[in-house]
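Student: fold the following and give me the result.
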Amino acid sequence: MVDKVLRKVFIFLILIFIFGSLLSGVFYRWQTKMMIPKEDWLMSQVYRRGILNSTCLMNNLSHSQSKLKHNVAKQIFVECNHKFIYCEVPKVGCSNWKKIIILLTMNLSRKANEVQQDLIHRTPLLKRLSSYPSDYQDKLLTSYTKVMFTRDPLERLVSAYRDKLLHSEPYYSITVANEIKAMFRKNKNSTEKVTFQEFVNFILTKNQEHLDIHWKPMFLLCDPCNIHYDILGKFETLGQDSDHVLRNIGAPEDLHYPNFKTHSSEKRTSGDITQEYLRKLSSEQIEKIKKLYQMDFALFNYPYDFKMNLYETDTV
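Tutor: Modelled structure (predicted):
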């Protein structure tokens, strides 16, 4: 009984703290547009963690006694030299973070963009938490600095579509594309690329637990209600959050998060580009896709109803 009362009091206090900002989205606009001094950055971390924790409680997502799921442990990278743990969320700058982890592991004083892209897919230098015994996993999670980064759920979805279905990576542009065409086209041998509408319909046929990691809800990838991440970064404040992470773990002063993308010839998936793709969907599709990612919206404080108004063309 006492625990229930304390839980309600905690939730009430958190709601008071965030009430004004949630109504207007002011904090969201501020943190994506402004340079954040260290003190304010620390407050933004308290704010993000407060929203995350209260949402976890309200939705009964915290299970302190449960064993870490293997699929979550597979998403987590361990860098021992700097006691650093990073949870990989695809389409949130993870390739560059893996390059940074390689440099930290090798104690190399180089820029992250000097690490070849294909190296991150074949090097034994990247150690996953799942490769350690379960009891040692717990030890690492309690003693290392834990970090995860998130991104607006719908922007991440559009980015995944553009990167995986519109480019020539065989598994997605052929295998996955053919599966989608078989489901939604009369002419299954059509050579036209999968449309965004078909892609969304395909995702909506799947159980969210079994979705590809590039469009699986972020909270299922990293389990932030049961792994207490020390730093909650956002793609929208990637540069500043990354610098704070690197300084926090004692990385070399000249090591910074690189500002480049894999397909450098095209624009990043911004708010404007996301809106262009969303306009191609029916209202029913939009509501269903929002429902799929509703916990990501809530846990990581991304605007839900106000979303379309808050997008800025230069925040990414």
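Student: what's the single longest strand in this structure?
Tutor: In the chain, assigned by DSSP state E, the strand with the most residues is strand 145-150.
Student: which non-adjacent residue is nearest Tyr161?
Tutor: Phe199 (5.1 Å; C-beta to C-beta, 6 or more residues apart in numbering). In short, each C-beta sits where N, CA and C put it, glycine included.
Student: so which strand or helix has the one you found?
Tutor: In this structure, Phe199 is located in helix 196-204 according to DSSP states H and E.
Student: mind listing what's buried along that helix?
Tutor: For helix 196-204, burial by neighbour count (16 or more other C-beta atoms under 10 Å) applies to 196, 198-203.
Student: what does that helix contact?
Tutor: 157-158, 161, 165, 179-181, 183-185, 194, 211, 215, 277, 280-281, 285, 288-289, 292 (C-beta atoms under 8 Å, 6 or more residues apart in numbering).
Student: kindly give a single ChimeraX line that selects the buried subset of the residues you listed.
Tutor: Only the buried entries of the contacts of helix 196-204 go into this ChimeraX selection, using 16+ other C-beta under 10 Å:
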select :157,158,161,165,180,181,184,194,215,277,281,285,289,292
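Student: got the CA coordinates for the helix holding Phe199 in PDB?
Tutor: Below are the C-alpha coordinates for helix 196-204, written out as PDB (Å, rounded to 0.1, in the frame of the first residue of the first chain):
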ATOM      1  CA  PHE A 196       6.800   4.300 -48.700                       C
ATOM      2  CA  GLN A 197       3.100   3.300 -48.500                       C
ATOM      3  CA  GLU A 198       4.000  -0.300 -49.200                       C
ATOM      4  CA  PHE A 199       6.800  -0.200 -46.700                       C
ATOM      5  CA  VAL A 200       4.500   1.100 -43.900                       C
ATOM      6  CA  ASN A 201       1.800  -1.400 -44.700                       C
ATOM      7  CA  PHE A 202       4.500  -4.200 -44.500                       C
ATOM      8  CA  ILE A 203       5.600  -3.000 -41.100                       C
ATOM      9  CA  LEU A 204       2.100  -2.800 -39.800                       C
END
